[in-house]
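Visitor: Structure of the sequence below:
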Amino acid sequence: MKKLDESLDEITLSSFRFFKSLSENELNSLNYEKTCSSVKKGTILYKEGSRLTGFYCIIKGIIKIYKTGHDDKEQIIRFAKQGDIIAYRSLLSQELASTSSKVIEDAIVCHVPYKTLLNLIEKNPAFSITLLRIVCAELKEANSYITDIAQKSVRERLAEILLLLKDSFELDSEKTIQISLTREELANMVGTATESIIRLLSEFNQSKLIELNGRKIKIINLPGLIKIANLTPHLK
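Guide: Residues are numbered from 1 along each chain as shown. All right, here's what the predicted structure looks like:
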């Protein structure tokens with residue numbers, strides 16, 4: 001990772017919702033103890049099975065969080081973007097990293113040492129509750145994913161993944177999802193073969209649900225995708 005220049009060294013973490021309950025002194029300490037870096041696309045932040053020394057706050061860019069199967073096939077867990085934190089659960093459980101992370105869009109990340117996290121948990125009950133709520137929310141998402149894999153068809157899962165990407169990264173003025181993924185990465189998210197994703201994307205394109213432009217995906221018929229994904233309107 002590239003060491004920060006003087007201007008990036010002035011980054012603060014006060015805007016992160018994760019740290020809203022911290023006092024001014026705690027924020028000052030947090031900002032003093034963090035280490036920020038500029039990381040290029042393709043960089044591995046940490047690998048599954050490694051011993052972590054702290055967690056990461058995403059200032060800019062997109063990070064892919066994934067697990068690797070016995071056949072070296074990736075299973076994408078989620079994408080982290082600006083304002084997200086990653087790698088803290090393994091720290092809390094004092095276990096080796098359960099996932100790997102890779103930069104897919106040039107990023108700026110800040111590393112916060114484990115001792116800093118532990119100190120905040122021990123001294124700030126409100127922060128501990130915030131952390132617990134985030135862990136519970138991620139567990140809920142994991143449970144929903146397991147249910148989808150078991151009960152939904154690949155077609156339904158792809159439609160739902162496209163909607164989740166829309167919500168996570170929003171649409172530009174042309175209604176295009178603001179993240180560029182390979183067909184293989186989409187397949188890894190959905191949990192199917194790349195060939196199946198290519199076929200279904202072509203089907204969605206021909207049905208005027210989406211429009212394909214290389215790796216970019218434009219949403220044409222949002223209600224149609226919601227219907228295919230078997231989601232209620234308020235979940236769109």
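
Visitor: Which positions within the top helix by length along the chain qualify as buried?
Guide: Determined from DSSP state H, the single longest helix within the chain is helix 125-151. If you call a residue buried by 16 or more other Cβ atoms under 10 Å, then helix 125-151 has these buried ones: Phe127, Thr130, Leu131, Ile134, Tyr145, Asp148. For glycine as for every other residue, the C-beta is placed from the backbone atoms N, C-alpha and C.

Visitor: Next up, the contacts around the fifth one.
Guide: Counting by Cβ atoms under 8 Å, 6 or more residues apart in numbering, Tyr145 makes contact with nothing.

Visitor: same thing with the third one?
Guide: Residues counted as contacts of Leu131 (Cβ under 8 Å, 6+ apart) are Phe18, Tyr88, Leu92, Ile121.

Visitor: and if you look at the fourth one?
Guide: Ile134 makes contact with Phe18, Ile85, according to Cβ under 8 Å, 6+ apart.

Visitor: measure it to Lys20 for me?
Guide: Separation of Ile134 from Lys20 (Cβ to Cβ, to the nearest Å): 12 Å.

Visitor: How about the fifth one?
Guide: Counting by Cβ to Cβ, the gap from Tyr145 to Lys20 is 27 Å.

Visitor: hmm, which two among the contacts of Leu131 are most spread apart?
Guide: Farthest-apart pair in the contacts of Leu131 is Phe18 and Leu92; separation 13.5 Å (Cβ to Cβ).

Visitor: Mind checking which of the two has more residues around it?
Guide: Higher neighbour count among Phe18 and Leu92: Phe18, with 18 against 15, using other Cβ atoms under 10 Å.

Visitor: Just give the nearest non-adjacent residue to that one, would you?
Guide: Distances taken as Cβ to Cβ, 6 or more residues apart in numbering place Ile85 nearest to Phe18, at 5.5 Å, with adjacent residues excluded.

Visitor: Burial check on that neighbour, number of neighbours?
Guide: For Ile85, using other Cβ under 10 Å, the count is 21.

Visitor: thought it was touching Arg17?
Guide: No. Applying Cβ atoms under 8 Å as the test, Ile85 and Arg17 come out as separate, 9.7 Å apart.

Visitor: okay, the angle between the helix or strand where Ala187 lies and helix 125-151?
Guide: Element membership for Ala187, per DSSP states H and E: helix 183-190. Calculated by axes from the mean of the first three to the mean of the last three Cα atoms, to 10 degrees, helix 183-190 forms an angle of 100 degrees with helix 125-151.

Visitor: list the helices and strands helix 183-190 packs on?
Guide: strand 74-80, helix 154-169, helix 194-206 (3 or more Cβ pairs under 8 Å, 6 or more residues apart in numbering; DSSP states H and E).

Visitor: Of all the ones you listed, which one is nearest Pro223?
Guide: helix 154-169 (11.0 Å).

Visitor: which secondary structure elements does the closest one contact?
Guide: Partner elements for helix 154-169 (3+ Cβ pairs under 8 Å, 6+ apart): helix 125-151, helix 183-190, helix 194-206, strand 216-219, helix 222-229.
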